[in-house]
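Trainee: Sequence first, then the predicted structure, then my questions.
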Amino acid sequence: EIDYDVQMKIDLISLLRAIFDKKLFIVGSTILTSLIAVLYAINIVNAYTISNSVTSVNSATVEKLNKLNFIDETKDSLLSLFLKKISSSNFQIKVFNEGDFQTLLNSENLNTNDNITLVSDFISSFTLMAPEIPVTPRNFPWSNIKALSINPFLIEKPYTLQMAGSDPEILKKYMRALTKSANAEIISEITELNKQKIYSIVNELSIESDLLLDRAKQDRLSQIERIKEEDGQKIREINDQIDRARYKAKENRLNQIVALTSSIKLAKALGIVENNFKQFRDDDASTDLKISIGVSKQFPEWYLYGEKALIQRVKLLESRKSDDPFIKELVTLNNQLNKVQSNNILETLETRQDDNLDIAEQITSLRIKKMKLELSITEADIDKVAQINQNFVVNIISSNKRRIVLLTFFSTLLLSILSALVMYILVPKEKSQAN
C-alpha cells in the first residue's frame, strides 16, 4: 500500500510536470482560440427591437372628420380602422416596396425568391400588442360589449407597435412610413366613400329630374291626345248637326217645291196667271175684299202670286245648288267648328319645346340640392385617424457575446490540458518502443 501511494504521488507529479512543460502550447492555443472567439463575437450583428404606442385621436379630430356630409365615425371606429390597416400584410408589403426598403437593406442583387423571403422576414417581425385588460367594474353592462369594435376598458390605453431587426434606424423609418401611410390611406378611403355617397345621391337627383321631365312630357302628350280626342268628338257632333240642318233644309225645299207645284196647278185651273199684288197697292181698293176659299184669313199663294210667279219660284228652288245660305243655325255651327279646329291650347301644347314650365319649381329645387351636394365635396380636414407616439423605445436583444468568449476560453483551456496529458502519455511509450 505504501508503494502504491508513492507511485500515485510520482504519477501525479509527472502529470503536473507534463502540463507545466506544455504550458506554451496550452496558453498559446487557449489565447489563439479565445482571440478567434472575440473576433467572432465582435462581428456578430446586434439585434434590436423598436416600439412606439398608438392611441385614439381626440374628439376635435373626429368632429372635423364628421363634418363631411355622410360620415359618422367615432374615436374607437377610427382606431379600429387604423389597427386593421396597419396589421394587413399586403399593406405592409406595399409600404416596403414604395419606400424602397430593399435598397436600404443592401439587397439589390438578390433574386426574386430571395427578395420575397427578405420582405417576408422583415415584415414578420412586426407585432401589434394590445394593452393589458384592467380590472372590470362589476356594474359594467356586459350585454353591450359585443356592439363595441374595441374593448371599452382599452380605449384610453395605448396599443404597442413593435419590430425587430439589425438596424434600428431602418426599423424606425419603416415604422414611420407604415403609420403615415395608414393614416393617409384611411383618410383617403373615408373621403372617397363620402364622395361616392354624394355622387350616388346626385345621380339619384339627376334621375329624379329626368323622370320628372319625362313625366311632364308624357303628361303633355297625353293631354294633347285627350284634347284631340275631345275635339274630334266635338267636330263629329257639330258635323252631325250641320248634316241634319242641311238635310232638314233640303227636305223643306223639296216639300216647298211640291206645295208650289200644287199651287201652280190650282192657279192654272182657276185661270190666275198673273199675281194680284196690284190690287193691294191701289189706295182705292176695298179693304173689305173677301174671298171665300176655305176658312183661311190669308190669301193663298196661287191667288197672290199667280201661275207665272209660282212656276218661277219652283224653278229657282229646283236649280238651287246649296241650301247653306238659307240655314240660319249653320253660321253658328260653322263658328263652333272653326273654334274647335283652331284650338289654341292644343297648338300651344304641340309647339312647346320645354316642358319645365309645369314643373319649374320641382326642377329648381332638385337642381339646388344637386348644386349644394356638389359644392360640399371636400377633402377631410384632418391628417390622422390615430395618434402615434414618435418617440421610439429601442432595446438591444442580448447576443450572448460574453458567454461565447468565456465558453470558448474554458473549453479551449480544458482541451489543451487534455491534449498535453495525452501527448505526455503517448510520447514515453513511443520512446520505449523505439529503444
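Mentor: Here it is on my side, so go on. Numbering: from 1, shown residues only.

Trainee: Now Q387: which helix or strand?
Mentor: Element membership for Q387 (DSSP states H and E) is strand 386-388.

Trainee: Check which element follows that strand along the chain.
Mentor: Once the chain leaves strand 386-388, the next helix or strand it forms, by DSSP H and E, is strand 393-397.

Trainee: Give the other helices and strands that that following strand contacts.
Mentor: Strand 393-397 sits against strand 47-56, with contacts defined as 3 or more Cβ pairs under 8 Å, 6 or more residues apart in numbering; DSSP states H and E. Every C-beta, even on glycine, is put in place using the N, C-alpha and C of the backbone.

Trainee: then the strand it packs on to CSV, C-alphas only?
Mentor: Extracted C-alpha coordinates of strand 47-56, given in CSV (Å, rounded to 0.1, in the frame of the first residue of the first chain):
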residue,chain,number,x,y,z
ALA,A,47,-30.4,42.6,-32.8
TYR,A,48,-32.7,45.5,-31.8
THR,A,49,-36.4,45.9,-31.0
ILE,A,50,-38.1,49.3,-31.5
SER,A,51,-41.6,50.1,-30.3
ASN,A,52,-44.0,53.0,-30.1
SER,A,53,-47.5,53.5,-28.9
VAL,A,54,-50.8,54.2,-30.7
THR,A,55,-53.9,55.8,-29.2
SER,A,56,-57.2,57.1,-30.4
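
Trainee: what does stretch 358-371 contact?
Mentor: V202, L205, S206, E208, S209, L212, L213, R215, A216, D219, R220, N356 (Cβ atoms under 8 Å, 6 or more residues apart in numbering).

Trainee: Turn those residues into a markdown table, including secondary structure and pLDDT.
Mentor: Conversion of the contacts of stretch 358-371 to a markdown table gives the following (DSSP: H, G, I helix; E, B strand; the rest coil; pLDDT from 0 to 100):
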| residue | secondary structure | pLDDT |
| --- | --- | --- |
| V202 | helix | 89 |
| L205 | helix | 88 |
| S206 | helix | 89 |
| E208 | helix | 89 |
| S209 | helix | 88 |
| L212 | helix | 88 |
| L213 | helix | 87 |
| R215 | helix | 88 |
| A216 | helix | 87 |
| D219 | helix | 88 |
| R220 | helix | 87 |
| N356 | helix | 75 |
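
Trainee: Out of the residues you listed, which end up buried?
Mentor: The neighbour-count test (16 or more other Cβ atoms under 10 Å) marks V202, L205, S209, L212, L213, A216, R220, N356 as buried among the contacts of stretch 358-371.

Trainee: Next, work out how far apart the second one and T191 are.
Mentor: With distances defined as Cβ to Cβ, to the nearest Å, the gap from L205 to T191 amounts to 21 Å.

Trainee: cool, the fourth one as well?
Mentor: L212 sits at a distance of 31 Å from T191 (criterion: Cβ to Cβ).

Trainee: and stretch 221-240, what's its mean pLDDT?
Mentor: Summarised as a single mean, pLDDT over stretch 221-240 is 92.

Trainee: For N58, grab phi and psi.
Mentor: Per-residue torsions, N58: phi -80, psi 170 (degrees, to the nearest 10).

Trainee: ok, now S125?
Mentor: Dihedral pair for S125: phi -80, psi -10, per degrees, to the nearest 10.

Trainee: list the contacts for it?
Mentor: Residues counted as contacts of S125 (Cβ under 8 Å, 6+ apart) are M163, A164, G165.

Trainee: ok, and the most crowded of those residues?
Mentor: Neighbour counts for these, by other Cβ atoms under 10 Å, peak at M163, which reaches 23 neighbours.

Trainee: Bridged to it, which residues?
Mentor: Taking DSSP bridges as the rule, M163 bridges to I50.

Trainee: hang on, isn't it packed against I170?
Mentor: No - using Cβ atoms under 8 Å, M163 is not in contact with I170, being 9.5 Å away.

Trainee: what's downstream of the lowest-mean-pLDDT helix or strand in the chain, the next helix or strand?
Mentor: The helix or strand of the chain with the poorest confidence is helix 277-281; it has a mean of 61 (mean pLDDT, DSSP states H and E). Using DSSP H and E, the helix or strand that follows helix 277-281 in sequence is helix 301-304.

Trainee: contacting residues for V314?
Mentor: V314 neighbours (Cβ under 8 Å, 6+ apart): I257, L260, T261, I264.

Trainee: Let me know the helix or strand that the third one is in.
Mentor: Going back to what we said before, that points to T261. Using DSSP H and E, T261 sits in helix 168-270.

Trainee: Just want the angle from that helix to strand 393-397.
Mentor: Angle, helix 168-270 to strand 393-397, by axes from the mean of the first three to the mean of the last three Cα atoms, to 10 degrees: 130 degrees.

Trainee: farthest-separated two in the buried ones among the contacts of stretch 358-371?
Mentor: Using Cβ to Cβ, the pair of the buried ones among the contacts of stretch 358-371 lying farthest apart is V202 and R220, separated by 26.9 Å.

Trainee: is it fair to say N106 lies in a helix?
Mentor: No - counting by DSSP: H, G, I helix; E, B strand; the rest coil, N106 is not part of a helix but coil.

Trainee: Return the distance of it relative to Y48.
Mentor: 17 Å.

Trainee: and what of I123?
Mentor: Distance from I123 to Y48, by Cβ to Cβ: 16 Å.

Trainee: What of L270?
Mentor: Distance, L270 to Y48, by Cβ to Cβ: 152 Å.

Trainee: Neighbour count for the two, which is higher?
Mentor: Per other Cβ under 10 Å, whichever of L270 and Y48 has more neighbours is Y48, with 19 against 13.

Trainee: pretty sure N275 contacts L310?
Mentor: No - the pair N275 / L310 is not scored as a contact, 9.1 Å apart, by Cβ under 8 Å.

Trainee: more crowded one of those two?
Mentor: Neighbours around N275 and L310, counted as other Cβ under 10 Å, are more numerous at L310. The numbers are 25 against 17.

Trainee: is it true that that one touches Y303?
Mentor: No - between L310 and Y303 there is no contact under Cβ under 8 Å: 10.4 Å.

Trainee: Identify the contacts common to the two.
Mentor: The contact lists of L310 and Y303 share A267, where a contact means Cβ under 8 Å, 6+ apart.

Trainee: quick one on the thing from earlier: determine how far the strand holding Q387 lies from the middle of the whole chain.
Mentor: 29 Å (Cα atoms, centre = their mean, to the nearest Å).

Trainee: same question, stretch 302-314
Mentor: Stretch 302-314 sits 97 Å away from the centroid of its parent chain (Cα atoms, centre = their mean).

Trainee: and if you look at stretch 336-348?
Mentor: Between the centre of stretch 336-348 and the centre of its chain there are 50 Å (Cα atoms, centre = their mean).

Trainee: For Q298, grab the count of nearby residues.
Mentor: Neighbour count of Q298, defined by other Cβ under 10 Å: 7.
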